[in-house]
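# here are the coordinates; sequence isn't available:
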């Protein structure tokens, strides 16, 4: 059996009416678009990681409402296996963002409609972005208390 790099990530769908919060970022020398998202850090709970990534990438401290789905994906470029926990929250209107990214990868945030996001095509960081938005819009959810941490 071969071993591949493995990563646990978190992502957050933030909706304001017909718009979704997206992050424009530098990744491997290219501009990509993603939901506020990132890697879980050692010793961090899944929910704490999601809140941290949201704050770092957007400057927003919005309570997560529900989970949308858990995705498994293998990156075609390097074989990394990702397990991505996607959460959601809604706000009444697009909020002003102020990224606080310690890695300086975040360029800016955008509030985009689903057609605008889909039109980004190859600029989307992952196919999980559209999958998660479609699952979210279809009403797929799970309760946050489904996630348990054992010490």
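It's in. Since this is a predicted model, take the numbers as computed values, not measurements.

# would you mark the buried spots in the helix ranked longest in the chain?
In the chain, assigned by DSSP state H, the helix with the most residues is helix 46-58. Buried residues in helix 46-58, counted by 16 or more other C-beta atoms under 10 Å: 46, 47, 49, 50, 51, 53, 54, 55, 56, 57, 58. Glycine gets a C-beta too; all of them are placed from N, C-alpha and C.

# and the nearest residue to residue 65 once chain neighbours are set aside, how many residues sit next to it?
Of all residues not flanking residue 65 in the chain, residue 89 sits nearest, at 4.7 Å (C-beta to C-beta, 6 or more residues apart in numbering). If you count neighbours by other C-beta atoms under 10 Å, residue 89 ends up with 17.

# which element follows the helix or strand hosting residue 10 toward the C-terminus?
Using DSSP states H and E, residue 10 sits within strand 6-16. Sequence order places strand 19-27 as the next helix or strand after strand 6-16, per DSSP H and E.

# distance of residue 123 from residue 15?
21 Å (C-beta to C-beta, to the nearest Å).

# how about residue 40?
23 Å.

# likewise for residue 56?
20 Å.

# check residue 111 too.
Residue 111 is 10 Å from residue 15, by C-beta to C-beta.

# any shared contact partners between the two?
residue 21 (C-beta atoms under 8 Å, 6 or more residues apart in numbering).

# can I get the buried residues of helix 46-58 in a markdown table including pLDDT?
Formatted as a markdown table, the buried residues of helix 46-58 follow (pLDDT from 0 to 100):
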| residue | pLDDT |
| --- | --- |
| 46 | 96 |
| 47 | 97 |
| 49 | 97 |
| 50 | 98 |
| 51 | 97 |
| 53 | 96 |
| 54 | 97 |
| 55 | 96 |
| 56 | 95 |
| 57 | 96 |
| 58 | 97 |
